[in-house]
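**Q** can you look at this prediction? I've put the sequence above it.
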Amino acid sequence: MSAIPVTAVDLSVNVGGIALKNPVMVASGTFGYGPEYADLVDINRLGAIVVKGICLNPTKGNPTPRTAEVASGLLNAIGLPGPGVDGFVRTYMPFLRQYATPVIVNIWGKTIEEYAEVARRFDQVEGIAGLEVNVSCPNIKEGSALFGTDLDMFRRVVDAIRAATRLPMIPKLAPNVADITAFAKAAEASGANAISLINSFPGMAVDIKTRKPKLANITGGLTGPAIRPIAVRLVWQAAKAVSIPVIGMGGIGAVNDALEFFLVGARAVAVGTANFTNPAAAVTLVDDLRAYLAAQGMASLDGLVGTFAP
Amino acid sequence: MSMYQENAEVLEHEAIQGGYNLLIMRSPNIAPAVKPGQFVHVLVPHLGESILRRPFSVFRAEGDRLAILYKDVGRGTRTLTYLRHGETLSLVGPLGRGFPDPAPGLFPVLVAGGYGMAALHICAQRSPVKGVAFFGGRTAADILCVKEFEALGWTVIVTTEDGSLGHQGRVTDALDPWMAQGGAARKPELFVCGPSGLLKAVAARALEHRWRAWVSVDNNMGCGVGACLTCVLKVHDHEKGDWTWARACREGPVFAASDIVWEAVG
């Protein structure tokens, strides 16, 4: 194929009913609620912004230390501090509504009822494009991790949210399961509009001098380049199993990382921990993806997604 | 508050003394925007498997030049020492809420432990009133830039734990008698940067005597812009009579001594 002008490339993509101008999102928990990065990143250039996890009421999160840098990754147990639904809507939605970028709210709860209530509340809020369901935060003691790894619990929470909202629903899958396809299929069967994966991988690190854990929570979730091969494998398996769109994430910091995910079937990708290293990572990825497709003579992502040839 | 991400060119990089290094860069966006006590988040080149930036107090900012003064204390700072003239490194900054302008009518007192002095230099430069600066360190090699502060018009009082320079003892061993012998009567306002033990000791005195005091904390950081919530510390919510988290990178690194929950500081 011969190259085409970059202006001839259309990066737009529809993910579960959410129209994105490009397939590059910023992942929940790595971009705050938007204002934190607004001086450094043109939020209008992002495919979507996925805000940090919100539950019903304000929460303080875990004690410190909350993160530890490890080889090619970051271990975290932040514990989902946040302003709660009302605090988020009041404090951050006026800011987020200024942008022509879909806002996807990552939601979580301690119980199935709380998940459903949070979804119901957001259903009424103007300017929200969709809900990503955090069933797999490894750092919350009160049951949340189980929602992501127990298939029956997973079905129940996704069903409850589906009944509570008409917004596009995107369950975010846990990587530490024996068969990712079972969760992907269950999400699809429960009426999920898309799935996203992977969440952080459970891990821990020990300070050999003090013999203490490096995180106050002892265990945490591993993110960053270290988990990318795990994520690529799981996205490949999940994408083969379902026909709803898959949003791929896990160690994506540059276009070549993202291309792996597109090739194995992701319709969109999210930049996570790389935002901390390089705030410009997501917008640079958009430019580089456009340039790559143009050089390949591809006018859209269609020629790329799922064309992995084992 | 504006912040920038830019590639800064190394103009000068030299070892000063005792493992301390001065790195001067051309940073046309960030340097002119720096306020006293702010920091830059540095992506140390060639750091291999380490993915996070490292925060450094801005030591000097003049025109398009920005300098940091750092000690070789770990893998990140060791790798930084290899950076040569003409190379570039990515900076994000200026970040955080720095020191406020010295209050009119109060007598400015700087208190620094080791390279904590670096965070106070711009404060010393821009303060209309030049007061007293207390510099403490383990040994003579930890006492930096005394002449520079004196040239700016400050009286510098040095302490070292081993007595190799100035008074022997900790910085509070010099601060306490100075306060008792007339310093306190001049209505001091303290600007403090150093290890947490020093911050705690000085803050305790400030709270006891009701001196206005600002402390710059040195917490581990992730993103540096307020998103990752790594660098949080407990601060008083005076209204609710409770505590809340504050981000060292955003609400800090400078806090009023009366705002920090000191019992929670390690």
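**A** Structure's in. What do you need?

**Q** show the end-to-end separation of stretch A:272-284, please.
**A** Terminal residues of stretch A:272-284 are spaced 14 Å apart (Cα to Cα, to the nearest Å).

**Q** contacts only, for residue 59.
**A** Using chain A. Residues in contact with residue A:59, defined by Cβ atoms under 8 Å, 6 or more residues apart in numbering or on different chains, are A:79, A:80, A:81, A:82, A:84. (C-beta placed from N, C-alpha, C; glycine too.)

**Q** actually, chain B is the one I wanted.
**A** Residues in contact with residue B:59 (Cβ under 8 Å, 6+ apart) are B:22, B:67, B:68, B:69, B:118, B:119, B:121, B:122.

**Q** okay if I get those residues as a markdown table plus secondary structure and neighbour count?
**A** Below are the contacts of residue B:59 laid out as a markdown table (DSSP: H, G, I helix; E, B strand; the rest coil; neighbours: other Cβ atoms under 10 Å in any protein chain shown):
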| residue | secondary structure | neighbour count |
| --- | --- | --- |
| B:22 | strand | 18 |
| B:67 | strand | 21 |
| B:68 | strand | 22 |
| B:69 | strand | 22 |
| B:118 | helix | 25 |
| B:119 | helix | 29 |
| B:121 | helix | 25 |
| B:122 | helix | 22 |
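
**Q** quick check, nearest of the residues you listed to residue B:250?
**A** Here the nearest of the contacts of residue B:59 to residue B:250, counting by Cβ to Cβ, is residue B:119; it sits at 16.5 Å.

**Q** can I assume the closest one is in contact with residue B:60?
**A** No: shown here, residue B:119 and residue B:60 do not form a contact pair, counting by Cβ atoms under 8 Å, at 11.2 Å.

**Q** and the residue of the stretch 1-150 of chain A found nearest chain B, which of the three is it?
**A** Here the stretch 1-150 of chain A gets closest to chain B at one residue, residue A:32, 3.7 Å apart by Cβ to the nearest Cβ. Secondary structure, DSSP: H, G, I helix; E, B strand; the rest coil: residue A:32 is coil.

**Q** same question, residue A:282
**A** What three-state DSSP gives for residue A:282 is helix.

**Q** same question, residue A:251
**A** Relying on three-state DSSP, one would call residue A:251 coil.

**Q** that one contacts residue A:225, correct?
**A** Yes: contact criterion Cβ under 8 Å: residue A:251 and residue A:225 qualify, at 4.2 Å.

**Q** shared neighbours, those two?
**A** In contact with both residue A:251 and residue A:225: A:73, A:257, using Cβ under 8 Å, 6+ apart.

**Q** output the host helix or strand of residue B:205 as PDB, nothing but the C-alphas.
**A** Here residue B:205, judged by DSSP states H and E, is contained in helix B:196-209. Extracted in PDB, the C-alpha atoms of helix B:196-209 (Å, rounded to 0.1, in the frame of the first residue of the first chain):
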ATOM      1  CA  SER B 196      11.400  15.700  58.300                       C
ATOM      2  CA  GLY B 197      13.000  15.600  61.800                       C
ATOM      3  CA  LEU B 198      14.200  19.200  61.300                       C
ATOM      4  CA  LEU B 199      10.800  20.300  60.000                       C
ATOM      5  CA  LYS B 200       9.100  18.700  63.000                       C
ATOM      6  CA  ALA B 201      11.500  20.200  65.600                       C
ATOM      7  CA  VAL B 202      11.200  23.700  64.100                       C
ATOM      8  CA  ALA B 203       7.400  23.400  63.700                       C
ATOM      9  CA  ALA B 204       7.100  22.400  67.300                       C
ATOM     10  CA  ARG B 205       8.800  25.500  68.400                       C
ATOM     11  CA  ALA B 206       6.800  27.700  66.000                       C
ATOM     12  CA  LEU B 207       3.600  26.300  67.300                       C
ATOM     13  CA  GLU B 208       4.600  26.700  70.900                       C
ATOM     14  CA  HIS B 209       5.600  30.300  70.500                       C
END
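
**Q** what's the average pLDDT for the longest strand seen in chain A?
**A** Longest strand of chain A, by residue count under DSSP state E: strand A:48-54. Across strand A:48-54, pLDDT averages out at 97.

**Q** same deal with stretch B:61-72?
**A** Mean predicted confidence for stretch B:61-72 is 96.

**Q** can you pull out the residues in contact with that stretch?
**A** Outside stretch B:61-72, the residues that reach it (Cβ under 8 Å, 6+ apart) are B:8, B:11, B:16, B:18-28, B:30-32, B:34, B:40, B:42, B:56-60, B:77-78, B:80-81, B:91, B:94, B:114-115, B:117-118, B:122, B:144-145.

**Q** measure the closest residue to residue A:186 other than its chain neighbours to residue A:172 for me?
**A** Leaving aside its chain neighbours, residue A:186 sits nearest to residue A:155 (5.2 Å; criterion: Cβ to Cβ, 6 or more residues apart in numbering or on different chains). Per Cβ to Cβ, to the nearest Å, residue A:155 is found 15 Å from residue A:172.

**Q** neighbour-wise, which of the two wins?
**A** Neighbour tally, residue A:155 and residue A:172, criterion other Cβ atoms under 10 Å in any protein chain shown: the higher count belongs to residue A:172, 27 against 16.

**Q** for the more buried one, list each beta-bridge partner.
**A** Beta-bridge pairing of residue A:172 under DSSP bridges involves residue A:134, residue A:196.

**Q** ok, it - contacts?
**A** Neighbours of residue A:172 in contact, by Cβ under 8 Å, 6+ apart: A:28, A:106, A:132, A:133, A:134, A:135, A:136, A:195, A:196, A:197, A:199.

**Q** looking at those, state which has the most neighbours.
**A** That'd be residue A:196 among the contacts of residue A:172, by other Cβ under 10 Å, with 33 neighbours.

**Q** wait, it touches residue A:249, no?
**A** Yes: look at residue A:196 against residue A:249 with Cβ under 8 Å: they come within range, at 6.5 Å.

**Q** overlap of the contact sets of those two?
**A** Common neighbours of residue A:196 and residue A:249 (Cβ under 8 Å, 6+ apart) are residue A:270.

**Q** quick one on the thing from earlier: got the phi and psi for the residue of the stretch 1-150 of chain A closest to chain B?
**A** phi 60, psi -130 (degrees, to the nearest 10).

**Q** what of residue A:3?
**A** phi -60, psi 150.

**Q** can you give me the neighbour number for it?
**A** 13.

**Q** okay then, goodbye and thanks.
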